[in-house]
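Peer 1: Have a look at this prediction, sequence included:
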Amino acid sequence: MTNEKENDDTPIYLGIDLETTGLDPTRDRIIEIAVVVLTADLRVPHSDDIFWTRFGALVRTPQQAIESGGAKDFHIKTGLLVPRSSDGVVIQTGDHHLNLSCIEEDLIQLFCEQFPKPPILLGHSVHFDRGFIKHWMSHFHDRLSHRNLDARTVELLWPDLPWPEPATHRAMADIERSISVLRMAREMLGRRDR
C-alpha cells in the first residue's frame, strides 16, 4: 500500500546554502546562493504546479567587501574567488553576477509563492544562512517559517555514521550534500520505526 503522504508533491522545505565574504552578517556579504525546493520526504517535487525547483547564482559583490572579508583566502582555494592575473586583485569567478535585490525578488516570486505555508529552511548550519538572509534579504526572510531543519545537527548527533564527503564550499554542491545527509538520517530513522 502506498502512503499518500509519500507521494505528495507539496513543497515544505526550502533548502538553501550561501557562501559569504565572512562570518558577520552585519558586515560581510553574500557572494553565492543556491536554493532547492523539497517535499516532506525530501524529494524535489515533480508536479505541474511547481515550476521552479532549483536556483543558483553568483551575487554581484562590491570589491571592498571581497577584499575586506575574512573568507577571501578560503574562497580563493575553493575557486569562488580568483586573483586577476594582471594585477593580483581578487575578483569573483564567472561572467554573470546578479544584484542581491533582484535575487531576493526572484526567490519571493519564483519560490515562496509555490508554498502553501511559509517554507521551512533546510541546510547545513542553516542558522548561519538565516542570519545573512534576515540582514540582507529581509523581505524574503519575512516569507519563511521560523523553523529550521539542520543537517549539521544530525551529523553531530551521530558522528560515527558514514556521512557523504564534505562538499566543495560552493553553494549548490553544499545544499545537495545537506539534502543527502538528511535523506540518510530519514532513512535510518525510518528503519528504526519498523
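Peer 2: Ah, there it is. Numbering: from 1, shown residues only.
Peer 1: Give me the sheet partners of the worst-scoring helix or strand of the chain on mean pLDDT and which way each runs.
Peer 2: Lowest by mean pLDDT, DSSP states H and E among the helices and strands of the chain is strand 90-92, with a mean of 86. Strand 90-92 has its sheet partners listed here by DSSP bridges as strand 81-83 (antiparallel).
Peer 1: what's next to the strand it pairs with, contact-wise?
Peer 2: With contacts defined as C-beta atoms under 8 Å, 6 or more residues apart in numbering, strand 81-83 is touched by I31, I66, K72, H75, I76, V89, V90, I91, Q92, T93. For glycine as for every other residue, the C-beta is placed from the backbone atoms N, C-alpha and C.
Peer 1: what's the spacing between it and its chain's center?
Peer 2: 22 Å (C-alpha atoms, centre = their mean, to the nearest Å).
Peer 1: Likewise for stretch 124-135?
Peer 2: From the chain centre to the centre of stretch 124-135 is a distance of 9 Å (C-alpha atoms, centre = their mean).
Peer 1: which parts of it are buried?
Peer 2: H124, V126, F128, D129, R130, G131, F132, I133, H135 (16 or more other C-beta atoms under 10 Å).
Peer 1: quick one, what contacts the second one?
Peer 2: What that stands for is V126. So V126 contacts I16, N148, L149, D150, A151 (C-beta under 8 Å, 6+ apart).
Peer 1: try it again with 6 Å
Peer 2: By C-beta atoms under 6 Å, 6 or more residues apart in numbering, V126 lies in contact with N148, D150.
Peer 1: Likewise for M172?
Peer 2: Contacts of M172 by C-beta under 6 Å, 6+ apart are A34, G56.
Peer 1: Nearest to S85 among the buried residues of stretch 124-135?
Peer 2: Among these, F132 lies closest to S85 (C-beta to C-beta), at 30.6 Å.
Peer 1: unless I'm mixing things up, that closest one is touching D24, no?
Peer 2: No: with contact defined as C-beta atoms under 6 Å, F132 does not reach D24; the gap is 9.4 Å.
Peer 1: what secondary structure does S85 sit in?
Peer 2: coil (DSSP: H, G, I helix; E, B strand; the rest coil).
Peer 1: quick one on the thing from earlier: buried residues in the least confident helix or strand of the chain?
Peer 2: V90, Q92.
Peer 1: now do stretch 43-59
Peer 2: R43, P45, I50, T53, F55, A57, L58, V59.
Peer 1: could you redo those as TSV and give each row pLDDT and distance to V35?
Peer 2: Shown next, in TSV, are these (pLDDT from 0 to 100; distance: C-beta to C-beta, whole Å):
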residue	pLDDT	distance to V35
R43	91	16
P45	85	13
I50	64	13
T53	88	9
F55	92	4
A57	94	9
L58	95	14
V59	96	13
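Peer 1: All good on my end, thank you.
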